[in-house]
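Colleague: Provided below are the primary sequence and the corresponding predicted coordinates.
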Amino acid sequence: MNQRSRQIFREIVENYLSTGEPTGSRTLAKNSSVNLSPASIRTVMADLEDAGLLHAPHTSAGRLPTELGLRLFVDGLLEVGNLTGEERAAIEGRCGAAGHHVEDVLAEATTMLSGLSSCAGLVFAPRLEAPLRQIEFVHLGPGKALVVIVCQDGSVENRVINVPLGLPTATLIQAGNYLSARLVGRTFEEAQREILDEINRHQAEIDAAAGQLIEAGLASWAGGGHDMLIVRGQSRLLGELTAMEDLERVRQLLDDLENKRELARLLELARDAEGVRIFIGSENTLFSLSGSSLIVTPYSNSQEKIIGVIGVIGPTRLNYARVIPMVDYTAQVVGRLLG
């Protein structure tokens, strides 16, 4: 784009992000810094439409940016603002007030991001990797047991698993004692590898039922079920919508958030990238029907190891310039508190 096209395109996108409304050539001729007639502006708008950057919602309406146009604007034309000292202090204060317990900090961070951005806040924490201290199995009834995991950092995790029918309580105790004696100082992955190797080498020395229980207990975490996803402020996704078709699209998004599987997979991909990542509309399958954007960034511990992802979901016309630094700084604060 030349300078004239770039300026007209920028003003159309900025008006859309501010109001959600299309921009017409007469409005641009009256208010734009580009000194052109409405006819000349319509010619530029037609060229931008042919390039796939703008579209007309109705025949006689002005123009709105397409998803491709929003991507071009965000990647090449967006001027990201800086947080004020008060905003930084507010983020630090809200997150710091939650203490140092992982889930409390992450829950507070998502709630705070939701409030400050008027979007839905979310955080994804991958499988637990802290060294373990103890494991205990508690009988819940026929075919069910509660697994209680205690880590060396003081965190506790509970999960219900299926066990063989008629499994004696003594076998549960045996399995807990066996695992606890071998788990201290090891992560789940390390413990899983070592114990399964030992089961294979010494199967004859272990009661068959206890061996099944040990494998089932570890597989429930190693298979990814231990990932933690927190979403706060889903109702904010409805705040900008009035048309029934838009409402139905966002209801579909809320259903997706409830089952959480697609979002968890998307965030796991984002976790491996550096810096803030922005997904607009149909750039990902989760939001292809919702007209929503996702802004996420990884947070790291004191060893600069990525340990999770935090961000927001909002309409495609959200205030990117304000939300991007907000998400980025929140990730820095969360990383310091959990590092």
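Modeller: Yep, that arrived. Numbers count the residues shown, from 1 in each chain.

Colleague: which one is residue 306 nearest to, not counting chain neighbours?
Modeller: Distances taken as Cβ to Cβ, 6 or more residues apart in numbering put residue 298 closest to residue 306, at 4.4 Å, once the chain neighbours are dropped. Glycine gets a C-beta too; all of them are placed from N, C-alpha and C.

Colleague: Against which helices or strands is the helix or strand hosting that neighbour packed?
Modeller: Applying DSSP states H and E as the criterion places residue 298 in strand 292-300. Here strand 292-300 touches helix 261-271, strand 277-280, strand 306-315, helix 320-338, going by 3 or more Cβ pairs under 8 Å, 6 or more residues apart in numbering; DSSP states H and E.

Colleague: Output the contacting helices and strands for the third one.
Modeller: Counting contacts by 3+ Cβ pairs under 8 Å, 6+ apart, the secondary-structure elements packed against strand 306-315 are helix 102-117, strand 120-125, helix 261-271, strand 292-300, helix 320-338.

Colleague: ranges for the strands of the stretch 1-150 of the chain?
Modeller: Taking DSSP state E, counting those that start in this stretch to define them, one finds strands in the stretch 1-150 of the chain at 54-55, 64-65, 120-125, 132-141, 144-151.

Colleague: now those strands as JSON lines including mean neighbour count and distance to residue 283?
Modeller: Formatted as JSON lines, these follow (neighbours: other Cβ atoms under 10 Å; distance: least, Cβ to Cβ, whole Å):
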{"stretch": "strand 54-55", "mean neighbour count": "21", "distance to residue 283": "17"}
{"stretch": "strand 64-65", "mean neighbour count": "23", "distance to residue 283": "14"}
{"stretch": "strand 120-125", "mean neighbour count": "26", "distance to residue 283": "17"}
{"stretch": "strand 132-141", "mean neighbour count": "17", "distance to residue 283": "39"}
{"stretch": "strand 144-151", "mean neighbour count": "18", "distance to residue 283": "37"}
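
Colleague: can you tell which of those strands is closest to residue 193?
Modeller: strand 132-141 (13.4 Å; Cβ to Cβ).

Colleague: Could you pull up the contacting residues of the residue lying closest to residue 132 once chain neighbours are set aside?
Modeller: Nearest residue to residue 132, sequence neighbours excluded (Cβ to Cβ, 6+ apart): residue 183, at 4.3 Å. Neighbouring residues of residue 183 by Cβ atoms under 8 Å, 6 or more residues apart in numbering: 132, 133, 134, 135, 191.

Colleague: JSON lines please, covering those residues and showing distance to residue 18.
Modeller: Formatted as JSON lines, these follow (distance: Cβ to Cβ, whole Å):
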{"residue": "132", "distance to residue 18": "51"}
{"residue": "133", "distance to residue 18": "53"}
{"residue": "134", "distance to residue 18": "55"}
{"residue": "135", "distance to residue 18": "54"}
{"residue": "191", "distance to residue 18": "54"}
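
Colleague: Among these, show me the least confident.
Modeller: Ranked by pLDDT, those bottom out at residue 191, which has 71.

Colleague: what comes up buried for stretch 179-190?
Modeller: Buried positions in stretch 179-190, judged by neighbour count with 16 or more other Cβ atoms under 10 Å: 179, 182, 183, 186, 187, 188.

Colleague: Now the terminal residues of that stretch, how far apart.
Modeller: End-to-end span of stretch 179-190 (Cα to Cα, to the nearest Å): 12 Å.

Colleague: Show me what the mean pLDDT comes to for the strand holding residue 298.
Modeller: 86.

Colleague: Neighbouring strands - and their directions - for it?
Modeller: Strand 292-300 sits in its sheet next to strand 277-280 (antiparallel), strand 306-315 (antiparallel), going by DSSP bridges.

Colleague: what about residue 7, distance to residue 109?
Modeller: 38 Å (Cβ to Cβ, to the nearest Å).

Colleague: So the two - more neighbours on which side?
Modeller: residue 109 (27 against 18; other Cβ atoms under 10 Å).

Colleague: How about the contacts made by the nearest residue to residue 113 once chain neighbours are set aside?
Modeller: Excluding its sequence neighbours, the residue lying closest to residue 113 (Cβ to Cβ, 6+ apart) is residue 121, at 3.5 Å. Counting by Cβ under 8 Å, 6+ apart, residue 121 touches 109, 110, 111, 112, 113, 114, 231, 232, 233, 310, 311, 312.

Colleague: picking up where we left off before, ok, the residue nearest to residue 306 - how many residues close by?
Modeller: Using other Cβ under 10 Å, the number of residues around residue 298 comes to 23.

Colleague: I appreciate the help and will end here.
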